[in-house]
Structures are given as C-alpha cells and as structure tokens.
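K.L.:
Got a predicted structure here, sequence first:
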Amino acid sequence: MLKVGYLDELKEVDQKILSLLAERAKTAAGQRYMPPADLMLHWAETFHLDLSLIKWLFHGLNQMTLPVYGPIDTGDLQTVVPIMKKIQVEECEYQLTHMMQYVHASEVILEIRANEDPVYGFSSIRPQLILNVEPDNGYFIQTMGFQGGGNRASLKFIITPKLPEDLSELSFSLQPNYQPFRQMKEKILDQPVRFD
C-alpha cells in the first residue's frame, strides 16, 4: 500500500486554503460566480498555473453545494417532450432538442453544430458545458454522455428530481464545466494488420 506523506510546512497553507474556500462559499451564498476570462488568464500568467486548471478550480467551487456524483436510477422511460430551443453564439449553433422523462429523472439532449468548415478551421469541437435550469428548485444536473466528431457534438444531461413536463415556466442556459486537460502522449496506429 502506497503511503502518502505530509509536510508540516503545508499545514498552515492548507488551513488558509480551507478558510478561503469557506469564505467564498459563504459570500457566494449558493450562487454560481465565474471570474471573467481575461482575469483568469491574468491569474494563470501571474501564478504560473495552467489556465485549464484555474477554470476547473472555479467550476469546482461553483459545485461545492451539490451532491456527490454517482449512478442515478432513472427508472423506466415514461414520455418524450420536445424542447426545440435554438440559439446561435459566434460560429456555433446550440439546440436543446428534447427531454426524455423517466420515473425518477429527466434527460435533456443538447446538439451543437459549428458553422465553420472543419477542413479550414478547427478539426473538432470539445464542449465543456453544463446545463443550468432556472428557477433552480434544487435540481442536480450531471453531464452523462458526449458524442461527436468534426463540427458536431451531442451532450446528455440527467436532472434530478425530474423536470415538469410543462417547461413554460423554466429557462435553460449553458454554463462552463471546465476540467483540467493535459496533453496525452499518443501512439499512432497506422500499420497494416492482417488476421490469418
């Protein structure tokens, strides 16, 4: 079994971090607050930290009051409700297509299409987004799947407790859902393979 040590010099630093986390949670009062992109970039340069790590950290701070992630028993599918909300932001079109109503949860489907030709622009899109529902009513939202390639992507969000079938009183938005990204060393498999 691997033993993890601890330095006495870290105790004071860690206590300061925890104290600041508690202070931020109290000041935020359960609301989601994300620093502007230029400020996070400034902090990345100032503190010599990876920008994706800073984004991930603030996303995590916004999730502090939410339950721990785990498997969700949705129960059986009961009905499918069309949503059909679409918006264009810069070169991407976002569309909430439909909601699948299960016994214990709702599943909302998001489709994203980039209008820029992937041959001349970017090769693929990688959404780092989470669905937000207002009024909140204590909804817990998890990203449960991502599919895509090229200029298209599709995400599934599981929401508990389930949403009402009449969505006219609810509004939807997408918020950053950052995760640290490290460049992985890849092995390109491009040799012919023959099964005899």
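P.N.:
Received, thanks. Numbering: from 1, shown residues only.

K.L.:
gap between the residue nearest the centre of the chain and residue 143?
P.N.:
Taking CA atoms, centre = their mean, the centroid of the chain lies closest to residue 177, which sits 2.9 Å from it. According to CB to CB, to the nearest Å, residue 177 and residue 143 sit 6 Å apart. To be clear about C-beta, it is placed using only N, CA and C from the backbone, and glycine gets the same treatment.

K.L.:
just for the protein, where's the confidence low?
P.N.:
1-4, 63-71, 116-123, 178-190, 192, 196 (pLDDT under 70).

K.L.:
quick one, helices of it?
P.N.:
Along the chain, the stretches classed as helices by DSSP state H are 8-28, 37-47, 51-62.

K.L.:
how close does the residue lying closest to the residue nearest to the centre of the chain once chain neighbours are set aside sit to residue 73?
P.N.:
In space, residue 177 comes closest to residue 130 once its chain neighbours are excluded; the distance is 3.8 Å by CB to CB, 6 or more residues apart in numbering. For residue 130, the distance to residue 73 (CB to CB) stands at 21 Å.

K.L.:
Residues contacting the longest strand seen in the chain, please?
P.N.:
Longest strand of the chain, by residue count under DSSP state E: strand 77-89. Contacts to strand 77-89, defined as CB atoms under 8 Å, 6 or more residues apart in numbering, come from residues 93-103, 108, 165, 167, 172.

K.L.:
Could I have the CA atoms of it written out in CSV?
P.N.:
Extracted in CSV, the C-alpha atoms of strand 77-89 (Å, rounded to 0.1, in the frame of the first residue of the first chain):
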residue,chain,number,x,y,z
LEU,A,77,-38.9,5.9,-19.8
GLN,A,78,-42.4,7.5,-19.5
THR,A,79,-42.6,10.0,-22.3
VAL,A,80,-40.6,12.3,-24.6
VAL,A,81,-41.2,16.0,-24.5
PRO,A,82,-39.9,18.3,-27.4
ILE,A,83,-38.0,21.4,-26.4
MET,A,84,-36.7,22.8,-29.7
LYS,A,85,-34.9,25.8,-28.3
LYS,A,86,-32.1,27.1,-30.6
ILE,A,87,-29.6,29.9,-30.4
GLN,A,88,-26.5,30.9,-32.4
VAL,A,89,-23.4,32.1,-30.5
